[in-house]
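Student: Quick one, fold the following:
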Amino acid sequence: MNNTAQMILLDNKPVLPISHYLTGVEAIDFQEKYQQLLQDYPLPRQIICDFSQTKFIDSSGIGALVRSYKMAREKGVELILRGVQPQVMLALDIVGLSRVFTFETLAENEE
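Tutor: Now for the predicted structure:
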(Lines give C-alpha, C1' and ligand atoms only; values in the text may rest on other atoms or scores of the structure.)
Protein backbone atom coordinates (compact mmCIF):
# COMPACT_ATOMS: atom_id res chain seq x y z
CA MET A 1 0.00 0.00 0.00
CA ASN A 2 1.29 3.45 -0.91
CA ASN A 3 1.09 5.73 2.11
CA THR A 4 3.89 8.20 1.46
CA ALA A 5 2.61 11.75 1.91
CA GLN A 6 3.16 14.53 -0.59
CA MET A 7 6.13 16.86 -0.41
CA ILE A 8 5.70 20.15 1.46
CA LEU A 9 7.83 23.29 1.61
CA LEU A 10 9.23 24.44 4.95
CA ASP A 11 11.37 27.60 4.93
CA ASN A 12 11.62 27.21 1.13
CA LYS A 13 13.12 23.72 1.53
CA PRO A 14 11.33 20.67 0.18
CA VAL A 15 10.38 18.23 2.93
CA LEU A 16 9.44 14.73 1.83
CA PRO A 17 7.52 12.84 4.55
CA ILE A 18 8.51 9.17 4.66
CA SER A 19 5.87 6.50 5.27
CA HIS A 20 5.63 4.37 8.43
CA TYR A 21 7.52 1.61 6.63
CA LEU A 22 10.17 2.26 3.99
CA THR A 23 10.04 -1.12 2.28
CA GLY A 24 9.36 -2.43 -1.24
CA VAL A 25 6.56 -0.37 -2.79
CA GLU A 26 7.10 2.57 -0.43
CA ALA A 27 10.79 2.67 -1.38
CA ILE A 28 9.89 2.85 -5.07
CA ASP A 29 7.37 5.62 -4.39
CA PHE A 30 9.93 7.53 -2.31
CA GLN A 31 12.57 7.29 -5.02
CA GLU A 32 10.15 8.47 -7.73
CA LYS A 33 9.16 11.53 -5.68
CA TYR A 34 12.80 12.22 -4.83
CA GLN A 35 13.82 12.03 -8.49
CA GLN A 36 11.05 14.51 -9.35
CA LEU A 37 12.51 16.97 -6.85
CA LEU A 38 15.92 16.63 -8.50
CA GLN A 39 14.40 17.49 -11.87
CA ASP A 40 12.96 20.80 -10.64
CA TYR A 41 14.56 24.04 -11.68
CA PRO A 42 15.99 25.73 -9.84
CA LEU A 43 17.31 22.80 -7.88
CA PRO A 44 16.84 23.02 -4.13
CA ARG A 45 20.08 23.29 -2.14
CA GLN A 46 18.74 20.79 0.36
CA ILE A 47 16.08 18.09 0.41
CA ILE A 48 14.80 17.02 3.81
CA CYS A 49 13.40 13.53 4.28
CA ASP A 50 11.14 13.50 7.33
CA PHE A 51 11.51 10.14 9.08
CA SER A 52 9.60 11.16 12.22
CA GLN A 53 6.78 8.68 11.47
CA THR A 54 8.96 5.89 10.06
CA LYS A 55 9.17 2.81 12.26
CA PHE A 56 10.93 0.34 9.94
CA ILE A 57 13.28 0.32 6.96
CA ASP A 58 14.43 -2.73 5.02
CA SER A 59 17.08 -3.32 2.35
CA SER A 60 14.80 -1.85 -0.35
CA GLY A 61 14.42 1.35 1.67
CA ILE A 62 18.13 1.53 2.41
CA GLY A 63 18.90 1.01 -1.28
CA ALA A 64 16.49 3.79 -2.25
CA LEU A 65 18.16 6.13 0.26
CA VAL A 66 21.64 5.32 -1.05
CA ARG A 67 20.57 5.88 -4.68
CA SER A 68 18.87 9.14 -3.70
CA TYR A 69 21.97 10.28 -1.83
CA LYS A 70 24.16 9.60 -4.88
CA MET A 71 21.78 11.41 -7.25
CA ALA A 72 21.63 14.42 -4.94
CA ARG A 73 25.39 14.55 -4.55
CA GLU A 74 25.88 14.50 -8.32
CA LYS A 75 23.67 17.58 -8.57
CA GLY A 76 25.15 19.40 -5.57
CA VAL A 77 22.04 18.94 -3.41
CA GLU A 78 22.35 18.03 0.27
CA LEU A 79 20.15 15.19 1.53
CA ILE A 80 19.09 15.60 5.16
CA LEU A 81 17.33 12.92 7.20
CA ARG A 82 15.14 14.54 9.85
CA GLY A 83 13.63 12.96 12.94
CA VAL A 84 15.03 9.48 12.40
CA GLN A 85 13.53 7.04 14.92
CA PRO A 86 15.83 4.74 16.95
CA GLN A 87 14.83 1.56 15.07
CA VAL A 88 15.61 3.14 11.69
CA MET A 89 18.83 4.69 13.00
CA LEU A 90 19.95 1.27 14.20
CA ALA A 91 19.43 -0.19 10.72
CA LEU A 92 21.38 2.70 9.15
CA ASP A 93 24.13 2.29 11.74
CA ILE A 94 24.44 -1.45 11.14
CA VAL A 95 25.17 -0.89 7.44
CA GLY A 96 27.50 2.04 8.13
CA LEU A 97 25.23 4.77 6.75
CA SER A 98 24.98 6.71 10.00
CA ARG A 99 28.40 8.13 9.06
CA VAL A 100 27.29 9.04 5.51
CA PHE A 101 24.03 10.92 5.90
CA THR A 102 23.37 14.29 7.50
CA PHE A 103 20.85 14.02 10.34
CA GLU A 104 18.62 16.65 11.90
CA THR A 105 16.48 16.35 14.99
CA LEU A 106 12.93 17.66 15.16
CA ALA A 107 12.32 20.94 16.89
CA GLU A 108 10.21 20.52 20.03
CA ASN A 109 7.17 22.11 18.36
CA GLU A 110 7.36 19.62 15.47
CA GLU A 111 7.32 16.41 17.54
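
Student: make it CA atoms for all contacts and neighbour counts henceforth
Tutor: Will do.

Student: where does the residue nearest the centre of the chain fall, helix, sheet strand or coil?
Tutor: In the chain, the centroid-proximal residue (CA atoms, centre = their mean) is Cys49; its distance is 3.2 Å. With DSSP: H, G, I helix; E, B strand; the rest coil as the basis, Cys49 sits in strand.

Student: give me the beta-bridge partners of it?
Tutor: Residues in a beta bridge with Cys49, per DSSP bridges, are Leu16, Leu81.

Student: Pretty sure it sits against Arg82.
Tutor: Yes. At 5.9 Å, Cys49 counts as touching Arg82 under the criterion of CA atoms under 8 Å.

Student: So for stretch 101-108, what gets flagged as buried?
Tutor: 101, 103 (16 or more other CA atoms under 10 Å).

Student: Likewise for stretch 28-35?
Tutor: Buried, per 16+ other CA under 10 Å, within stretch 28-35: 28-31, 34.

Student: If anything else comes up later, I'll come back, but that's it for now.
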